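sequence plus predicted model, see below.
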Amino acid sequence: MNIMRPVALAALATSLTTPALAERQETIYINPFAGYQLFDDKRDLSESGTFGVGLEYRFRPNWAVEAVYSRADADRKYVSGDSDFEEVRVDGTYYFAGPESAWNPYVSLGAGHADFGSDASGPYTAGSNHDETRVNVGTGFRYHVTDGLSIRGDLREFHGIDESTFDTMVSLGVSWAFTRTVAGPAPKAPADADNDGVPDTRDQCPGTPAGVSVDSNGCELDGDNDGVADSRDECPNTPAGAEVNSRGCELDSDNDGVVNSQDQCPNTTAGAKVDAEGCEGVTETVETIELRVQFPTNSSVINAAYDEEIRRVADFMAEYPETTVEIAGHTDSPGKASYNEFLSQRRAEAVAGRLTGPLGIDPARVSAVGYGEAEPIASNDTPAGRAQNRRVEARIQVRR
């Protein structure tokens, strides 16, 4: 029998691997087995024990190819004598689990060349001396006892093409595994046309400028959510909801130098002199009341316990109804100046909210401005000085 043809087929199949990954594991199994084969009645062969060995190459975690040699010595069923049987076949196998799992069920499909010989005389039958091509389909399992030793059970149905016969074999065997890790070329990085670190397949903002910071969608960051990206925002940390221009700066619709969010007198006459609230005339501070209000670190939440302190301002304004008040928030110098200004603004707004809420002052008479670290009254080089600079002032004003 010519066994070189099936062996060549096995070598060809093992070379047809899928594209290499950065690293993959290959395993070769030596698979001796013993089985029991039931022959088609046309063959005039009795059921017989079958022995063989396979050489299996598992080139991917779920795929393998195997070259198998098997033989049997079967008694004739209807005449005297016996028949030798040999087969060489190549099977492709798909495992439903990876080699790291203990149980590896599989399905298999293959083809081979079988040789049926006989020492009996008599009329020709399918079991008489002849070669035959058989295809097969099978299922089974591999159970890993250790990394190097496993048990394999297999159930397989064969179809003889020449005589249209059907044979069945069940087998059990042990396997010795030899494994190696194969390094391959690193996987190609996904395309990123604008080099922002976000692949083109999920970049919602292609063509971002070089060097800008982007979010997970590949879009430029906008720290103050004003619709202007940080790289073009000339006025970061604008108040939430404020209208801004293309440079990210707040609008000043009447061009009086006071942005809309702080302008208490919109549409003033062009060229008119205005105060800090955008109103015509000159506002003079006639009284400054320092409020002993403390906030938690990095917080603008104010406790109702300070209402009595803030009531001093409310009482003064009730006595002098022509006055307005600017609540001025101040911080010390540690930290970024932009953040200190933001925090002082929030704290000033919190105190103003107590005045216009529980203490009943008309909101039109109250404004809040955060000066951050810009107006210290003591040195920021000492703890005592920094404590004095962290303050809130009520600047009582009259417009002349």
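Great, that's in hand.

quick check: closest non-adjacent residue to Arg395.
Leaving aside its chain neighbours, Arg395 sits nearest to Glu326 (4.4 Å; criterion: Cβ to Cβ, 6 or more residues apart in numbering). Using the backbone N, CA and C atoms, a C-beta is placed for each residue, glycine as well.

what does Cys265 give?
Excluding its sequence neighbours, the residue lying closest to Cys265 (Cβ to Cβ, 6+ apart) is Cys279, at 3.7 Å.

got the phi and psi for the one you found?
Main-chain dihedrals, Cys279, degrees, to the nearest 10: phi -110, psi 150.

dump the residue contacts of it.
For Cys279, the contacting residues are 264-265, 268, 399, by Cβ atoms under 8 Å, 6 or more residues apart in numbering.

and it, what pLDDT?
Per-residue pLDDT puts Cys279 at 77.

okay, it and Gly271: tell me how far apart.
Using Cβ to Cβ, to the nearest Å, we find Cys279 at a distance of 15 Å from Gly271.

ditto for Ala374
Taking Cβ to Cβ, one finds Ala374 at 28 Å from Gly271.

looking at the two, which is more packed in?
Each of Ala374 and Gly271 has its neighbours counted (other Cβ atoms under 10 Å); Ala374 has more, 13 against 7.

assign a three-state SS to the more buried one, would you?
Under the three-state scheme (DSSP: H, G, I helix; E, B strand; the rest coil), Ala374 adopts coil.

same thing with Glu341?
Under three-state DSSP, Glu341 comes out as helix.

just checking: what are the partner strands of whatever helix or strand Thr285 lives in?
Per DSSP states H and E, Thr285 falls inside strand 283-291. With DSSP bridges as the test, strand 283-291 is paired with strand 392-399 (antiparallel).

give me the domain ranges for this structure.
For the chain, automatic domain parsing gives the domain ranges 4-183, 283-399.

quick revisit: export the strand holding Thr285 to CSV, keeping only CA atoms.
These are the backbone C-alpha positions of strand 283-291, laid out as CSV (Å, rounded to 0.1, in the frame of the first residue of the first chain):
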residue,chain,number,x,y,z
THR,A,283,-20.5,103.3,42.4
GLU,A,284,-18.8,104.2,45.7
THR,A,285,-18.1,101.7,48.5
VAL,A,286,-19.2,103.2,51.7
GLU,A,287,-18.8,100.3,54.1
THR,A,288,-16.9,97.0,54.0
ILE,A,289,-18.0,94.2,56.3
GLU,A,290,-15.8,91.2,56.6
LEU,A,291,-17.8,88.1,57.1
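
spell out for me which residue occupies the centre of the protein.
The residue lying closest to the centre of the chain (Cα atoms, centre = their mean) is Ser216, at 10.3 Å.

helix or strand right after the helix or strand of the chain with the lowest mean pLDDT?
Every helix and strand of the chain was ranked by mean pLDDT, DSSP states H and E. The lowest is helix 4-15, at a mean of 43. Helices and strands here follow DSSP H and E; after helix 4-15, the next one along the chain is strand 23-38.

quick check, distance from the strand holding Thr285 to the centre of its chain.
Offset of strand 283-291 from its chain centre (Cα atoms, centre = their mean, to the nearest Å): 56 Å.

can you check stretch 224-242 too?
Distance, centroid of stretch 224-242 to centroid of chain: 29 Å (Cα atoms, centre = their mean).

list the buried residues in that stretch.
224, 226, 228-229, 233, 235, 238-239, 242 (16 or more other Cβ atoms under 10 Å).
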